[in-house]
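J.: here is a sequence with its predicted model. Questions after.
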Amino acid sequence: MSKLFVSSSPHLRATSSTRRIMLDVIISLLPASAASVVFFGWRALMLIGVCVFTCVFTEYICRIVMKRSQTIGDLSAAVTGLILALNLPSTLNPLIAIFGSVAAIVVVKQMFGGIGMNFVNPAMAARIILMVSFPTAMTNWVNTQFAGVDAVSSATPMAAEAGTYSYMELLFGNHGGSMGETCAVALILGGIYLVARRVISPVIPVVYIGTTAVLSFVLGQNPVQQVLSGGLLLGAVFMATDYTTSPITKWGKVVYAVGCGVMTVLIRTYAELPEGVSFSILLMNILTPLIESITTPKPFGASKEGKK
Amino acid sequence: MEKQKLFFPVKPFRTNGGAKVPHRKNTSDVQSAVMPSPKTVTIPMQQHIGAPCKPVVAVGDAVYVGTVIGDSDAFVCAPIHSSVSGTVKSITRITLPGGNTTEAVVIESDGQDTPDPGLKPPVVENLQDFLKAVRDSGLVGLGGAGFPAHVKLNVPKDKEVDTLLINCAECEPYITADNREVIENSWAVMSGIYAVTELLGIERVIIGIEDNKPEAIRILKEIADNEKYDPKDIIRVLPLKASYPQGAEKVLIKACTGREVPAGKLPADAGCIVMNVTSVAFLSDYLKTGMPLVKKRLTIDGSAVKDPKNVIVPIGTPINEVMEFCGGYKAEPCKILMGGPMMGLAVSDDTLPILKQNNAILAFDEKEARLTEATDCIRCGRCVSACPMRLVPTKLCADVKLKDFEAMQKHQIMTCMECGSCAFSCPAHRHIVQTIRLGKSQLRAELMKQKGDK
């Protein structure tokens, strides 16, 4: 008998890992990425490459400068890069994309302590930084390659007159918009994959989208068009469900998702912004700690009156 | 508590959380083997929760199987008996896997296994006789906790107990000892249940068993649903979903009765007594023969064990001799556990003796023993949805890190039963249970200190 390991229970662990979860997210984004390349051509592929590479490289440098353990192996930086790229218009200057990627990793993620510590979603915060810094470049949406004329500025369905696009066009993504947000089918496929792999619970996307549909119907808009256009699906499935910035409790997720939906509709309807998804998720991210503390479940056997 | 109308649930009540642990019940169909007495046994004086026993024998004394060798005047305590016949060789101190150091009686066996001539079946006419007999038998909770059975069965007058739950869930991976007990000793299970219900005046017995033990369920149902054997029709078998930690006392009570034991209280506060299936079977055997708890059925399994099976061993047998009986190690053992992989204790030495409350010894090779490194929490929330006690493990860990005793109490850290569902599910492999355990002991120490200051 040479030596025995002695450690605290449990001695058995599930096979899941952070890396595997992030890999699942990347896999789930493949249909949307493929759709963006199909619709917007090689520029989409180039921008995805630029964002993913810049995010991973920046995180690598950051961890060295901060003298922390290397974390690029957990693939979370790659996920941030991919999601950011899908939130950009295909016409964007790659230098701007690089700026956004660096901002996401350095300012939003690593300065707050890295994975699990950032209080807003890095990709989304970066998109907002770019929206505010480069409003024209960030809204230079073009029509897809199949719309007849190539690379002509085109309004997204959000900014266009109602009825410009058919449901089928909205569903399959043959319209203007950010690279990854146009093809609803690809995004829904990715969401189904994530739920099936138990990476995310369906609560946030379903409640978020449901709230948006109901509220926009109440306010006299076409709910189907509201759901299928703009960044709602991309935001609800891939960004609002970010572990770090969404509530950890079951009812917290519901409150958070309802909040996201209400904010989205209000911004879309009453604000002078074409799109409300990013800002509504950002605001709810900031509220997450508060939501969590009011939705903490009552522990097993806790007395009703006893607040010891 | 207002009197509830008693009924038998057709399906289990909903419980929270849990972890999808692999079952690995490799030994469930293997007949138990009886191990002959080893040359020497080392019997620790603390094999239960409560006060340790004092040795009542001296070096050189002759002892028989069933002779009392340790006892104490304390109420929460169970006497300890010799598991072999022979001579007391020495009285030493040993360190048990939990970290407690206690006295231990070392007995050299004469190989005869002569039972103590003074042993006879106890005469039980009333509850007092019964409780005394239970104490004399040395019975402790055999599910693993080791709580003295006579204390558990001595329900305070102000508490109304209407339900006896028989814990046959056996939710820990690998362990099949209770399953084999039911299959090999089913009559004892039933007569033990009857003995307890008659003396305690209980009207409802629910046997909670995970549905991954079809043969045991069939056998139990055959007896429980037969008018001839259960004339008052008070015993029912309730198959439970095979999901860890179904056998944890509070979870079992919730699943079988829908009641929640208040935090910091005992099952009796929810009108229940929970007994392990092997405990009731032993009780029935004891009432028949008078032979106290000197042997235990253990599951021997794990990737380093050559011939996994259930073995009935004399208490005090060294682990390595039990392993030898199971064909020895097939790979260098790197981790040896007393108990299951979710809540068992890792031992530092394979010469430690088998204890009363042990139900498994598992030995793992290096591949399965290797520890994974913890990475940063990604706040995925899997620990929250896994917690059967509806706690928020991430918050508790943060409280412990900050040594914020007030927050620990607010978040009810003491409700944690350390089942390990959170740490099992954690993709970042964080040491959640270890951290919470540390926090609990620090909080306990802090509360003691505050009490002392006043």
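T.: Yep, it's here. Numbers count the residues shown, from 1 in each chain, chains lettered A, B, ... in the order given.

J.: can you show me the helices along the chain?
T.: Reading this off chain A. A:18-40, A:42-65, A:76-86, A:94-102, A:122-133, A:135-138, A:167-172, A:184-196, A:203-218, A:223-228, A:232-234, A:250-270, A:277-294 (DSSP state H).

J.: sorry, should have said chain B
T.: B:127-137, B:149-153, B:177-184, B:186-200, B:214-224, B:249-257, B:277-289, B:319-325, B:366-369, B:382-386, B:393-402, B:405-410, B:421-425, B:432-453.

J.: select, out of those, the one closest to residue B:335.
T.: Of all the helices of chain B, the one in closest proximity to residue B:335, counting by C-beta to C-beta, is helix B:366-369 (3.6 Å). For glycine as for every other residue, the C-beta is placed from the backbone atoms N, C-alpha and C.

J.: would you indicate which residues of that closest one are buried?
T.: Neighbour-count burial for helix B:366-369, counted by 16 or more other C-beta atoms under 10 Å in any protein chain shown, picks out B:368, B:369.

J.: what about residue A:221, distance to residue A:270?
T.: In this view, residue A:221 and residue A:270 are 12 Å apart by C-beta to C-beta, to the nearest Å.

J.: more neighbours: which of these two?
T.: Between residue A:221 and residue A:270, residue A:221 has the larger neighbour count (other C-beta atoms under 10 Å in any protein chain shown), namely 17 against 10.

J.: isn't that one up against residue A:269?
T.: Yes - shown here, residue A:221 and residue A:269 form a contact pair, counting by C-beta atoms under 8 Å, at 7.3 Å.

J.: shaky segments in the stretch 51-200 of chain A?
T.: A:146-164 (pLDDT under 70).

J.: near chain B, which residues of chain A show up?
T.: For chain A, the contact set with chain B under C-beta under 8 Å from any C-beta of the partner chain comprises A:1-14, A:16-18, A:20-21, A:71, A:74, A:76, A:114-117, A:243-244, A:248-250, A:296-303, A:308.

J.: which residues pair with the residue lying closest to residue B:277 once chain neighbours are set aside across the strands?
T.: Leaving out its chain neighbours, the residue that sits closest to residue B:277 by C-beta to C-beta, 6 or more residues apart in numbering or on different chains is residue B:168, at 4.2 Å. According to DSSP bridges, the residues that bridge with residue B:168 are residue B:209.

J.: list the contacts for the closest residue to chain A within chain B?
T.: In chain B, the residue that lies nearest chain A is residue B:420 (3.1 Å; C-beta to the nearest C-beta). Counting by C-beta atoms under 8 Å, 6 or more residues apart in numbering or on different chains, residue B:420 makes contact with A:9, A:10, A:12, B:19, B:342, B:343, B:433.

J.: what is the burial count for the closest residue to the last one other than its chain neighbours?
T.: Spatial nearest neighbour of residue B:433, excluding adjacent residues (C-beta to C-beta, 6+ apart): residue B:423 at 4.8 Å. Neighbours of residue B:423 under the rule other C-beta under 10 Å: 29.

J.: quick one: residue B:423 and residue B:436 touch, right?
T.: No - Residue B:423 is not in contact with residue B:436 according to C-beta under 8 Å; the separation is 9.1 Å.

J.: re earlier: point out the most buried one among the helices of chain B.
T.: For the helices of chain B, the largest average neighbour count (mean count of other C-beta atoms under 10 Å in any protein chain shown) is found in helix B:421-425, namely a mean of 28.

J.: what lies in contact with that one?
T.: Contacts for helix B:421-425 (C-beta under 8 Å, 6+ apart): A:10, A:12-14, A:16, B:17-19, B:21, B:244-245, B:342, B:382-383, B:385-388, B:393, B:430-434.

J.: now that helix - C-alpha only, CSV.
T.: C-alpha atoms of helix B:421-425 as CSV (Å, rounded to 0.1, in the frame of the first residue of the first chain):
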residue,chain,number,x,y,z
SER,B,421,-25.8,16.7,-5.2
CYS,B,422,-24.5,20.3,-5.8
ALA,B,423,-20.8,19.3,-6.1
PHE,B,424,-21.7,16.3,-8.3
SER,B,425,-23.5,18.6,-10.8
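
J.: remind me which residues of chain B are low pLDDT?
T.: Looking at chain B by pLDDT under 70, you get B:1-5, B:454.

J.: how does it divide up, domain by domain?
T.: According to automatic domain parsing, chain B comprises the domains B:127-289, B:382-453.

J.: will you turn the ones you listed into JSON lines that also has distance to residue A:83?
T.: As requested, the domains of chain B are arranged in JSON lines below (distance: least, C-beta to C-beta, whole Å):
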{"stretch": "domain B:127-289", "distance to residue A:83": "34"}
{"stretch": "domain B:382-453", "distance to residue A:83": "19"}
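
J.: got the residues of the stretch 201-350 of chain B near chain A?
T.: Counting by C-beta under 8 Å from any C-beta, the stretch 201-350 of chain B sits next to chain A at B:250, B:254, B:260-265, B:320, B:332-337, B:341-350.

J.: now the residues you listed: which count as buried?
T.: B:250, B:254, B:260-263, B:320, B:333-337, B:341-347, B:350.

J.: need the contact list for residue B:411.
T.: Under the criterion of C-beta under 8 Å, 6+ apart, the neighbours of residue B:411 are A:296, A:299, B:391, B:392, B:395, B:396, B:399.

J.: correct me if wrong: the last one contacts residue B:408.
T.: Right, the one you point to is residue B:399. Yes - under the criterion of C-beta under 8 Å, residue B:399 makes contact with residue B:408 at 4.6 Å.

J.: anything in contact with each of the two?
T.: residue B:439.

J.: contact residues of the stretch 51-200 of chain B facing chain A?
T.: residue B:173.

J.: where do the strands of the stretch 51-200 of chain B begin and end?
T.: Applying DSSP state E, counting those that start in this stretch to the stretch 51-200 of chain B gives strands spanning B:54-55, B:62-63, B:68-71, B:80-81, B:86-95, B:101-109, B:163-168.

J.: show me what the fourth one is packed against.
T.: In terms of contact count using 3 or more C-beta pairs under 8 Å, 6 or more residues apart in numbering or on different chains; DSSP states H and E, strand B:80-81 is assigned the packing partners strand B:68-71.
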